[in-house]
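Asks: let's see this in three dimensions:
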Amino acid sequence: MTINHNIIEGIIIADDTEFSPGELSSICAVSTEWITALVEEGILEPLNISSKRWRFNGACVQRIQLIQRLQRDLDINLAGAALALQLLEEIAILRTRLSIRESSVTGPTDSQHG
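Replies: Sure, this is the predicted structure:
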């Protein structure tokens, strides 16, 4: 009998956590040049864009990972990945609006008449 001891490590990053470009590149295993390309493409927005010492919030980690998956799985360039990310975010906003609208139409008074 063999025992498989797979260990998965991870960290939880809050959206309000801040990272330098170097820290962000280390966490996501990408180059700082690629981080700069993401900023230039509008995919990432530093918290202090006017400063020479950029800082990024924790949500940027998730965005980078999504861009990496889009490029790896769909073999698209950075501009295409940026467009896909924008469309995914718009879909999420529309789904939220639809959910809110549906819950207001079928509000608590409708469920009481059942």
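Asks: what packs against the helix or strand harbouring residue 88?
Replies: With secondary structure defined by DSSP states H and E, residue 88 is part of helix 78-105. Counting contacts by 3 or more CB pairs under 8 Å, 6 or more residues apart in numbering; DSSP states H and E, helix 78-105 is packed against helix 32-41, helix 59-74. C-beta: built from backbone N, CA, C; applies to glycine.
Asks: next structured bit after the shortest one?
Replies: So that's helix 32-41. Following helix 32-41 toward the C-terminus (DSSP H and E): strand 56-57.
Asks: not counting sequence-adjacent ones, nearest residue to residue 42?
Replies: In space, and not counting its chain neighbours, residue 42 is closest to residue 82: 6.2 Å by CB to CB, 6 or more residues apart in numbering.
Asks: mind listing what that neighbour touches?
Replies: By CB atoms under 8 Å, 6 or more residues apart in numbering, the contact set of residue 82 is 41-43, 67.
Asks: report pLDDT for it.
Replies: pLDDT, residue 82: 92.
Asks: so which of the contacts of residue 82 wins on neighbours?
Replies: residue 67 (23 neighbours; other CB atoms under 10 Å).
Asks: any idea how far the nearest residue to that one once chain neighbours are set aside lies from residue 75?
Replies: Leaving aside its sequence neighbours, residue 67 sits nearest to residue 81 (CB to CB, 6+ apart; 4.9 Å). Using CB to CB, to the nearest Å, residue 81 is found at 10 Å from residue 75.
Asks: which one's more surrounded, those two?
Replies: Neighbours of residue 81 and residue 75, each counted by other CB under 10 Å, are more numerous for residue 81; the result is 20 against 8.
Asks: need the contact list for the residue nearest to the spatial centre of the chain.
Replies: The residue lying closest to the centre of the chain (CA atoms, centre = their mean) is residue 63, at 2.9 Å. By CB under 8 Å, 6+ apart, the contact set of residue 63 is 38, 43-44, 85.
Asks: equivalent analysis for residue 32, please.
Replies: Counted by CB under 8 Å, 6+ apart, residue 32 has contacts 21-22, 25.
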